[in-house]
Each structure stands twice: as structure tokens, then as C-alpha cells.
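Q: show me how the following folds:
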Amino acid sequence: MPTKSNPFSASLSPFLDLSAEVQLALVQGQPVVALESTIIAHGMPYPQNVQTALQVEAEVRQQGAVPATVAVLGGRLKAGLSATEIEMLGQRGPAVRKLSRRDLAFCVASGGWGATTVAATMLVAALAGIRVFATGGIGGVHRGAAESFDVSADLQELAQTPVAVVCAGVKSILDLRLTLEYLETHGVAVVGYRTATLPAFYTRDSAFAVDYQLDSAADIARVLQVQSALGLRAGMVVANPIPLEHAMPAARMEQAIAQALQEASAQGVLGKQITPFLLARVSALTGGESLAANIQLVLNNARLAAQIARELPMRHGT
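A: Presented below is the predicted three-dimensional model:
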């Protein structure tokens, strides 16, 4: 379904399906929030993954927006999943492919199933005309990237796809300083929501400053509108700190991350498997506390994303 606001959507639209709810919302100019699906397939075990996904969707609806969980099912790009589809995705879990931009065409061509990362979710959201996306944390430059050259495709997608990504900052398993440098080089603004410092996923702050602090959803929406009017194609990182009551001690998290990194190196874990491995090991090393914090920060991001989407002007004609 091509959209006037996305000139590149026409070539991919034959492979894109919008749920009836999402399609109606876009036609009527109602706020819509995209949600990724790797958290369902690769982020946590069944049935907690399904329960969390449905809880996040409910949070978006409670804030007055329509959720559009993104995935590839049977070779179709999907924006908006039914509860049954989320259940099926959750049951299949890690057997489902983890999809970034490079993987989408192969999964569609083969009629496969895939769970979308931040990069792939942004791409599908832009095709559908969805301007705001909520996730846990973005990928970035991995620690030791000087040797491994391991840089998440999320960063390059942010450089070229005009979707605002509401997150709890950069995943703390990554190199925050180098990630910020990469984003700056590619013209991607990092906005702190009511904070001047970059949240570090499980913790509310870090040693690094954001580019701009904005204190309301309306302020963020206003900048997004100006960015669009200027024809700037980059996305935006909206860094939303985890709620104080769910934040974890930075020293404890750093210790768990260091141990998980050592284990990953010893076991030769590389590529797209390293992030799920590290998150799972950190969860185990913290007795499940990091997973509980992860769920709370995703819910918090869904709330803010819906509030931003509500502040964007109504658009018709999707």
C-alpha cells in the first residue's frame, strides 16, 4: 500500500500487509506506534515473550494509539499482528529468523518467517507510513569493535530512515561512546527525554551527554515535524530512562556484562547471535532481575512513543 509520504514504498508495497486496525488508523490519521518482534522470538522464553508483547500492545492502546507489531510471516511483511500471530511467533521462538535490513528480501522470497530487529522494523514502519517506533534499546558499536568491526545495522538504518526510535538508550553491553560518535557522524540526533545524559538501558544514566534534552512529547513531535519539512531523511533516537523504581545498580550490571562478554569470547559467539547471548547471560547472572527491568523499560518506552505519536498532526490518504 503506497503512501504519499514514502516515495520508496511503491516498490515494496506488494509484499506489505497492514492489519485492518493499522490500515484504518493510518487512513483516518490516528496515531500508530510500530513495535519490533525480536523481543518475542529471541528476547525471552515462551510464554513470557507472548505475554510481554501483548502487554506492550495494551500499553500503546491505553495511551490512545494503535500498536503495529512488525514481523515477516509466510513471506509477507506485516505491520500489525493478531494475538494468534503473536502466539505463533512466540511459540516458534529462536527457530524464527532474526531479520535485519539485509535479510528481509531473502525471507520474503523464500516465504519464510522472521522477527524484525530495530533496523528491519524501522524500514517496514517507514514503508507503512508509521513515524514512531518503540523498542527496548538500540544496537550499536560492540565493545572490541576495533578488532571485530561489529557495528549494528541499527545505526545505519537510523542514518537513512525517517522514523523516531523511542528506547532506553543504547544497550549497556555495547560501547556507548563509539555508538554516539557513529550516530553523530551520520547526522542522527540523540534526544534525552527529561535527561541530559544518555540512559544505559538497565540504568538511568551514563558518563555521556545526549545531543538535546526535550521535556515533553509535544516538543519531540514538533522537532520531528520540522525535520520532515526540511527533507532530512535520518531518524531520531529518543532516549527515555528506565523508571527509577526498576533501574539496576550500574556497578552490578557492569560486572555481569563483563563476565558475559568473557564467556561469549571463550565460546566463539559472533555476529547476530552475540546480542541474544549476552542478554540471556546477563539475565542469568542477575537472577532474572535484568529481564524484569527489560520488560518495564519497554513498557515505559511504549507509553512515551504513543504520547509522541498522538502529538503528530493527523494525516490522511494512506
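Q: assumed residue 49 was part of a strand.
A: No. Checked against DSSP: H, G, I helix; E, B strand; the rest coil, residue 49 lies outside a strand; its state is helix.
Q: what about residue 293, helix or strand, and which?
A: For residue 293, the host element (DSSP states H and E) is helix 289-311.
Q: can you give me the helices in this protein?
A: According to DSSP state H, the chain carries its helices in the segments 9-12, 20-28, 38-41, 48-62, 83-92, 101-109, 118-128, 145-148, 153-160, 176-185, 217-229, 250-267, 274-285, 289-311.
Q: what's the average pLDDT for the fourth one?
A: Per-residue confidence for helix 48-62 averages out to 97 on the pLDDT scale.
Q: identify the residues contacting that helix?
A: Residues from elsewhere that reach helix 48-62, judged by C-beta atoms under 8 Å, 6 or more residues apart in numbering: 33, 35, 37, 39-41, 43-44, 66-67, 69, 83, 86-87, 90-91, 93, 134, 295, 298-299, 302-303, 305-306. Bear in mind the C-beta positions are built from the backbone N, C-alpha and C, glycine included.
Q: now do the end-to-end distance for stretch 144-161.
A: Stretch 144-161 has its terminal residues 27 Å apart, counting by C-alpha to C-alpha, to the nearest Å.
Q: about what we covered before: closest to residue 241 out of the helices of the chain?
A: Comparing the helices of the chain by their distance to residue 241 (C-beta to C-beta), the top pick is helix 289-311, with 8.3 Å.
Q: thinking again about what came up before, any idea how far the helix holding residue 293 is from the chain center?
A: In terms of C-alpha atoms, centre = their mean, to the nearest Å, the centre of helix 289-311 is found 11 Å from the chain centre.
Q: where does pLDDT dip in the protein?
A: 1-12, 272, 314-318 (pLDDT under 70).
Q: how is it carved up into domains?
A: 1-129, 131-311 (automatic domain parsing).
Q: now residue 177: closest residue in space that isn't a chain neighbour?
A: Leaving aside its sequence neighbours, residue 177 sits nearest to residue 208 (C-beta to C-beta, 6 or more residues apart in numbering; 6.2 Å).
Q: and residue 148, how many neighbours?
A: 14 (other C-beta atoms under 10 Å).
Q: surely it meets residue 141?
A: No. Assessed by C-beta atoms under 8 Å, residue 148 is found out of contact with residue 141, at 9.9 Å.
Q: give me the most central residue, the protein.
A: What sits nearest the mean C-alpha location of the chain, by C-alpha atoms, centre = their mean, is residue 135, with 3.3 Å.
Q: surely that one touches residue 118?
A: Yes. Between residue 135 and residue 118 there is a contact under C-beta under 8 Å: 5.6 Å.
Q: would you quantify the distance from residue 69 to residue 19?
A: Applying C-beta to C-beta, to the nearest Å, the value for residue 69 to residue 19 is 9 Å.
Q: shared neighbours of these two, anything?
A: Contacts common to residue 69 and residue 19, judged by C-beta under 8 Å, 6+ apart, are 78, 80, 81.
Q: most surrounded residue in those?
A: For the shared contacts of residue 69 and residue 19, neighbours tallied by other C-beta under 10 Å; top is residue 80, 26 neighbours.
Q: look at residue 69 and residue 19 and report which has more neighbours.
A: Set side by side, residue 69 and residue 19 show more neighbours around residue 69, with 29 against 18, by other C-beta under 10 Å.
Q: any idea what the more buried one is bridged to?
A: Beta-bridge pairing for residue 69 (DSSP bridges): residue 35.
Q: and for residue 114?
A: What pairs with residue 114, by the bridge criterion (DSSP bridges), is residue 72, residue 97.
Q: quick one: contacts of stretch 147-156?
A: Here stretch 147-156 makes contact (C-beta under 8 Å, 6+ apart) with 100-102, 117-119, 122, 138-142, 144-145, 174, 179, 182-183, 186, 188, 270-271, 274.
Q: buried only: go through those for me.
A: Neighbour counting with 16 or more other C-beta atoms under 10 Å marks 100-101, 117-119, 122, 138-142, 145, 174, 179, 182-183, 188, 274 as buried within the contacts of stretch 147-156.
Q: wouldn't residue 172 be in contact with residue 204 here?
A: No. Under the criterion of C-beta under 8 Å, residue 172 makes no contact with residue 204, lying 11.3 Å away.
Q: could you pull out the buried residues of stretch 301-318?
A: Within stretch 301-318, the residues that count as buried by 16+ other C-beta under 10 Å are 301-312, 315, 318.
Q: out of those, which is nearest to residue 236?
A: Closest to residue 236 out of these is residue 308 (10.1 Å), distances taken as C-beta to C-beta.
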